[in-house]
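Please find the sequence and the predicted model below.
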Number of protein chains: 2
Amino acid sequence: MKKRTTIHDLAKQLSLDSSTVSRALRGSPLVKQKTKDIVNDLAIKLNYKPNRLASNLRSNKSNTIGVIVPRISRHFFSSAISGIEEEAYKKGYNILICQSQDKFKYESKNIDNLLHNRVDGLIISLSLETRDLSHFSELFESETPIVFFDRVPMNALEYRPIIKIVNDDEAISYNATTHLINQGCERIAYHSGPDSISIYNARLKGYYKALKKASIPILKNMIFYSNLMLKDGVDFARKILELKKLPDAIYSANDTTALSSMQYLKSQGIRIPQDIKMIGFSDEPASAMSDPTLTTVDQSGVEMGKVAVKKITDLIENREEMQLQSNQIITMNSTLIIRESSR
Amino acid sequence: MKKRTTIHDLAKQLSLDSSTVSRALRGSPLVKQKTKDIVNDLAIKLNYKPNRLASNLRSNKSNTIGVIVPRISRHFFSSAISGIEEEAYKKGYNILICQSQDKFKYESKNIDNLLHNRVDGLIISLSLETRDLSHFSELFESETPIVFFDRVPMNALEYRPIIKIVNDDEAISYNATTHLINQGCERIAYHSGPDSISIYNARLKGYYKALKKASIPILKNMIFYSNLMLKDGVDFARKILELKKLPDAIYSANDTTALSSMQYLKSQGIRIPQDIKMIGFSDEPASAMSDPTLTTVDQSGVEMGKVAVKKITDLIENREEMQLQSNQIITMNSTLIIRESSR
DNA sequence: CTGTTAGCGCATTCAG
DNA sequence: CTGAATGCGCTAACAG
């Protein structure tokens, strides 16, 4: 590895001090324009690249935002990361991405790793297994700004007030359910994720509310909980078919299982939406696109990611009071995409 | 931000020198076990976290692998990143992810940024606009190891020998085409990406080869080129419908356009696969899953990502000769998933 | 406006 | 086996 040029190399050649060069390079007003010019010219000529490692060490800022998501390859998260990257790049931050694989253990390890790397802030969506924030204690102690998004802590006040960015899950779920009811559905089977996870909790609440509003009794045997793996969608569909009477509609609080349920039902000769109407949360544009029979709730990870970065850079750069008085919640709007009505 | 414990804090409390502590912490054989033990104990007690920034600066290694992909949110790339993250984490590396947005300009900027950050190596899939490697010159000069994957340079020898990891696009494309031919298809319309991109070039070659092998004439008016946006799939489908005679089959070298073409054709009353058979490259499991009429070529980004990391860490840690004598190509196997035959 | 001085936290000589 | 000394490249007081 060839030795790279440093500010000292520049300084020597120009008979200046390295501190002046440093200032000039960063456009300090303490340096006169002419000096800046000659420094910059030489920098370009010698192909000088500032060494971030050194400047970070010195200024005790890593210029890096840590990001933890359950799985990078899930579409909602990869779009969130895409938005995070875009916005962070704009603001001059790097991002350090980790995946928890939806495991509490990995999430802890990730936090540890980010701590080693002295990230300036953390943007995180919690794993499916996370029930408390005990593994965040060091982050809290070091006062690292944290922004939770999508899957956020449900009762964090016991630790400290926090910032959350969420989708309007309850409201949109209410709307989606109401949409089914308006089409004459009464028996609506529901496939939920773990109730300890904010989004599934909220979606279920919206469903309950809509039924209650329409004075439709809640049938507990129509509600299933799972960890939302592909096979859970199939299991759910099987259970549906075992009911004495088919439901009017199926509502899946998750996109993967919505599709696998649908596929299984179709393979069993059920016509959708003629026999059973279906609705599903969808962050997969492809799936939504390729199956126009599915009414979907679309949520944009990209936007959420951008907002998260804006928020965290505000915190990092002290444009916002770090010591929050209470939980701060930012809510993004989802869209209900109704397809079958147009056919 | 509370001050964190350093090796000096440990050293002082134990009446040792910081250098000894440094060695002990990293398990140097130069330190006796007992010393290591007491150092480690105190480190845990005081919750010591090594400052990577400092150690990186000192050792002139960032412990970071740079990754550039066109778009994080495209499924093939997010799965590749997922594999990269997993493998890099295992090996103790961080990853620094950038997206080129399929633009040459951004790709250059990304490279610059990674250079600033002194990444130890780079894993990259080229943008749609990239025709040459002129923007890599500094990386080459600094002898940063580089591994190209998926969309790789087609003629890089003018710069220097390089390492590429690719899918067996030509072979699998040959197989896919042959599969259509075996089903009696002769007029097979083809939707290609830019010919300057390795994968599209290879896929088209496989298609040509299969036709030639079966002595089927190549009809140039059945071959379309585009930049593979969603709308291009629709445009392509429109052109298909304008032909005097419908083709027997449609082959899309890209997954997004395969789906949008299919959707448009279906909306026009074309039955698939009865009227027209279809085949598409697919890295979207959801799309493949939700449309069982599409024969797909599946390629695993995860595996490719892992291999890329193995390769680059070998290079970084000098387990492999840096000065390559010639291009090195690693080929991964794709899978042809045939669905319609089973119905 | 510019130079001097002094580290950031760690790793690596070189002595003992 | 351990300690003392040095510096990675850059920034930030403090002087001038």
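Sure, I can see it.

Tell me the residues of the stretch 1-150 of chain A that contact DNA strand C?
A:15-20, A:23-24, A:29-35, A:54, A:57-58, A:60 (C-beta under 7 Å from any atom of the strand). Yep, even glycine has a C-beta here, placed from its N, CA and C like the rest.

How about stretch A:245-264, which residues are buried there?
For stretch A:245-264, burial by neighbour count (16 or more other C-beta atoms under 10 Å in any protein chain shown) applies to A:247-264.

Buried subset of the residues of the stretch 1-150 of chain A next to DNA strand C, written for PyMOL?
Only the buried entries of those go into this PyMOL selection, using 16+ other C-beta under 10 Å:
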select buried, chain A and resi 16+20+23+24+31+54+57
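
which of the residues of the stretch 1-150 of chain A next to DNA strand C are close to chain B?
By C-beta under 8 Å from any C-beta of the partner chain, the members of these lying near chain B are A:A54, A:L57, A:N60.

Phi and psi next, for A:A11.
According to degrees, to the nearest 10, the main-chain angles of A:A11 amount to phi -60, psi -50.

ok, the closest residue in space to it that isn't next to it in sequence - contacts?
Nearest residue to A:A11 in three dimensions, chain neighbours excluded: A:S18, at 4.3 Å (C-beta to C-beta, 6 or more residues apart in numbering or on different chains). Contacts for A:S18 were tallied using C-beta atoms under 8 Å, 6 or more residues apart in numbering or on different chains; they are A:T6, A:I7, A:H8, A:L10, A:A11.

same question, A:G83
A:G83 makes contact with A:G301, A:V302, A:E303, A:M304, A:G305, A:K306, A:A308, A:V309, according to C-beta under 8 Å, 6+ apart.

any idea how far B:F224 is from the fourth one?
A:M304 sits at a distance of 36 Å from B:F224 (criterion: C-beta to C-beta, to the nearest Å).

helices and strands of chain A: which one has the lowest mean pLDDT?
Least confident helix or strand, chain A: helix A:285-290 with a mean of 48, by mean pLDDT, DSSP states H and E.

got the ones next to chain B among the residues of the stretch 1-150 of chain A next to DNA strand C as CSV, with secondary structure columns?
Output for these, formatted as CSV (DSSP: H, G, I helix; E, B strand; the rest coil):
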residue, secondary structure
A:A54, helix
A:L57, helix
A:N60, coil
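
Compile these into JSON lines and extend it with columns for pLDDT.
Formatted as JSON lines, those follow (pLDDT from 0 to 100):
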{"residue": "A:A54", "pLDDT": "92"}
{"residue": "A:L57", "pLDDT": "90"}
{"residue": "A:N60", "pLDDT": "85"}
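
out of these, who's nearest DNA strand C?
Ranked by distance to DNA strand C (C-beta to the nearest atom of the strand), these are led by A:L57 at 4.4 Å.

which residues are contacting the helix or strand harbouring A:T331?
In the assignment (DSSP states H and E), A:T331 maps to strand A:328-332. Under the contact criterion C-beta under 8 Å, 6+ apart, strand A:328-332 has outside partners A:161-168, A:299-300, A:303-304, A:307, A:311.

and that strand, which residues are buried?
Counting neighbours by 16+ other C-beta under 10 Å, one finds that the buried residues in strand A:328-332 are A:M332.

Report the mean per-residue pLDDT for it.
Across strand A:328-332, the average pLDDT comes to 92.

chain center to it: distance?
Between the centre of strand A:328-332 and the centre of its host chain there is 13 Å, according to C-alpha atoms, centre = their mean, to the nearest Å.

pull the CA atoms of it into CSV?
Only the C-alpha atoms of strand A:328-332 are listed here, as CSV (Å, rounded to 0.1, in the frame of the first residue of the first chain):
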residue,chain,number,x,y,z
GLN,A,328,-41.9,11.5,21.1
ILE,A,329,-43.8,9.7,18.3
ILE,A,330,-43.7,10.6,14.7
THR,A,331,-46.4,8.9,12.6
MET,A,332,-46.1,8.2,8.9
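
Quick check: neighbours of it in the sheet, parallel or antiparallel?
Strand A:328-332 has its sheet partners listed here by DSSP bridges as strand A:163-167 (parallel).

so where do the helices sit in the stretch 201-343 of chain A?
A:230-242, A:255-267, A:285-290, A:301-316 (DSSP state H, counting those that start in this stretch).

Indicate which one of those helices is closest to DNA strand D.
Checking the helices of the stretch 201-343 of chain A against DNA strand D by C-beta to the nearest atom of the strand gives helix A:301-316 as the closest, at 14.5 Å.

And the contacts of the closest one?
Helix A:301-316 has contacts (C-beta under 8 Å, 6+ apart) with A:65, A:75-88, A:91, A:93, A:120-123, A:145-147, A:149-150, A:163, A:165, A:167, A:283, A:319-320, A:322, A:330, A:332, B:73.

and that helix with strand A:328-332, angle?
On the basis of axes from the mean of the first three to the mean of the last three C-alpha atoms, to 10 degrees, helix A:301-316 is oriented at 160 degrees to strand A:328-332.

burial of A:H191, as a residue count?
Neighbour count for A:H191, taken as other C-beta atoms under 10 Å in any protein chain shown: 27.

mind listing what it touches?
A:H191 makes contact with A:224, A:226, A:232-233, A:236, A:250-254, A:257-258, A:261, according to C-beta under 8 Å, 6+ apart.

okay if I get those as TSV plus pLDDT and distance to chain B?
Converted to TSV, the contacts of A:H191 look like this (pLDDT from 0 to 100; distance: C-beta to the nearest C-beta, whole Å):
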residue	pLDDT	distance to chain B
A:F224	94	20
A:S226	93	18
A:D232	92	14
A:G233	90	10
A:F236	94	16
A:I250	92	15
A:Y251	93	18
A:S252	91	13
A:A253	91	17
A:N254	85	12
A:T257	84	12
A:A258	84	10
A:S261	87	11
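
is the helix or strand where A:S22 lies anywhere near DNA strand D?
Element membership for A:S22, per DSSP H and E: helix A:18-25. Yes - among the residues of helix A:18-25, A:S18, A:S19, A:S22, A:L25 lie within reach of DNA strand D under C-beta under 7 Å from any atom of the strand.

If you average the pLDDT over the helix or strand following that helix, what comes out?
Sequence order places helix A:33-45 as the next helix or strand after helix A:18-25, per DSSP H and E. The predicted model gives helix A:33-45 an average pLDDT of 90.

between helix A:33-45 and helix A:18-25, how many degrees?
Counting by the same axes, to 10 degrees, helix A:33-45 lies at 90 degrees to helix A:18-25.

okay, now the domains of chain A?
Listed domain ranges for chain A are A:7-50, A:60-167+A:301-334, A:169-299+A:338-342 (source: automatic domain parsing).

for these, which one sits closest to B:F136?
B:F136 sits nearest to domain A:7-50 of all the domains of chain A, at 14.0 Å, using C-beta to C-beta.

That closest one spans what distance, first to last residue?
8 Å (C-alpha to C-alpha, to the nearest Å).

chain center to it, what's the gap?
Centroid separation between domain A:7-50 and its chain, computed with C-alpha atoms, centre = their mean, is 41 Å.

No more questions from me, cheers.
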